[in-house]
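Student: Sequence and predicted structure below; questions after.
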Amino acid sequence: MLSALFGMIAVAEVVLLALVLTMRRRRPDWALTLLIFVILALIWDNTIIALGSTIGEGDTLEALSRPRYITHGLLVPLLIMVGVGLGRRHGVQSLTGRTAPAAFGALTVLLIAAGVYLDILDLDLEPTRYADTLRYTNAASHGAPIPAVVTILVLIGIGIALQLRARRPWLLIGAITMFVAAALGAVAFWTGNVGELLLILGIWWTAAQTIRPAQPVPA
C-alpha cells in the first residue's frame with residue numbers, strides 16, 4: 001500500500017536525522033544544522049501523508065497538512081546553503097571566501113520569499129485521494145514549484161564541482177535523482193518523496209566523507 005511506503009520513507013528519514021544529529025554533535029557545522037531542519041520538515045510531510053487515510057478528511061487533517069506547505073516553502077531553499085557548506089568543507093575553491101556564500105545566501109533568501117508568495121500566502125487546501133492515500137493539496141498551486149526547482153539545479157551545480165574537486169559524486173547523484181523524481185511526480189506524486197529521501201541520503205553521505213577544511217567553518 002502507498003500509505004505504508006510513506007511511512008517507511010518517514011522512518012528512513014528519522015534514521016537519517018539521528019545520523020546527522022550524531023555527526024553534528026561530533027563536528028559542529030552550520031550546514032548540518034540547516035539540514036536538520038529540512039529533515040524534520042520531510043519527516044512531518046511523509047508522516048502526515050502516511051496517516052492521512054487513518055485520520056480522515058476534515059479539519060484535523062487539514063490543520064496538520066498546513067505545516068507541510070509552510071515548511072517546504074521556508075526550508076527547502078536552505079539546502080542551497082547546505083550544499084555550499086559541503087563544498088567549502090571539501091575544498092571547492094569557488095565556494096571559499098565570502099563572496100560566493102553571500103551570493104548563494106541572497107539567492108536562498110530570494111527563493112524563500114518566492115516560496116512564501118507563491119505557495120503560502122494563497123494556500124488553499126483541498127482533499128485529494130490517490131491509491132490508498134488521502135492528503136490535502138494546494139488548489140492555488142502555480143504549477144512547478146520554482147524555488148524547489150532552482151534549489152535542485154543549484155545543488156546539481158555544486159555536486160558537479162564536488163565531483164571534479166574531491167571525487168565525491170553522491171550529492172550530484174542525489175540531486176539528479178531528485179530532479180528526475182520531481183518530473184515524474186506529475187504522474188505519480190510519491191516519486192518526489194522518494195527522490196527527497198535519496199537526495200538527503202546523498203547529502204548525508206557526502207558530509208560523512210568530508211575532508212578537513214582549509215579554514216575553520218563556524219558552527
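Tutor: That came through, no problem. Numbering: from 1, shown residues only.

Student: Which residue, neighbours along the chain excluded, lies closest to the most centrally placed residue in the chain?
Tutor: With distances taken as C-alpha atoms, centre = their mean, the residue of the chain nearest its centroid is residue 76 (4.8 Å). Closest residue in space to residue 76, ignoring its immediate chain neighbours: residue 148 at 5.4 Å, by C-beta to C-beta, 6 or more residues apart in numbering. Where C-beta positions appear, they are placed from N, C-alpha and C, glycine not excepted.

Student: before we move on, what about residue 105?
Tutor: Going by C-beta to C-beta, 6+ apart, residue 105 has residue 81 as its nearest residue, at 6.5 Å.

Student: For the one you found, give its distance to residue 176.
Tutor: To residue 176, residue 81 is 20 Å away according to C-beta to C-beta, to the nearest Å.

Student: ok, the residue nearest to residue 76 touching residue 75?
Tutor: No: with contacts counted by C-beta atoms under 8 Å, residue 148 stays clear of residue 75, the gap being 10.7 Å.

Student: Between these two, point out the one with more neighbours.
Tutor: Set residue 148 next to residue 75 and count neighbours by other C-beta atoms under 10 Å: residue 148 wins out with 22 against 19.

Student: Name all residues that make contact with that one.
Tutor: 72, 76-77, 115, 182 (C-beta atoms under 8 Å, 6 or more residues apart in numbering).

Student: And it, what's its pLDDT?
Tutor: Note for residue 148: predicted pLDDT of 93.

Student: thinking again about what came up before, which other helices and strands does whatever helix or strand the residue nearest to residue 105 lives in contact?
Tutor: Assigned by DSSP states H and E, residue 81 falls within helix 78-89. Judged by 3 or more C-beta pairs under 8 Å, 6 or more residues apart in numbering; DSSP states H and E, helix 78-89 is in contact with helix 30-55, helix 99-115, helix 146-166, helix 190-208.

Student: between the last one and helix 30-55, how many degrees?
Tutor: By that I understand helix 190-208. 150 degrees (axes from the mean of the first three to the mean of the last three C-alpha atoms, to 10 degrees).

Student: so how far is helix 190-208 from its chain's centroid?
Tutor: 8 Å (C-alpha atoms, centre = their mean, to the nearest Å).

Student: counting contacts, what elements does it pack onto?
Tutor: Packing partners of helix 190-208 (3+ C-beta pairs under 8 Å, 6+ apart): helix 2-26, helix 30-55, helix 78-89, helix 146-166, helix 170-184.

Student: With the shortest one instead?
Tutor: Helix 99-115 is packed against helix 59-75, helix 78-89, helix 146-166, with contacts defined by 3+ C-beta pairs under 8 Å, 6+ apart.

Student: buried residues in it?
Tutor: Neighbour-count burial for helix 99-115, counted by 16 or more other C-beta atoms under 10 Å, picks out 100-101, 104, 107-108, 111-112, 114-115.
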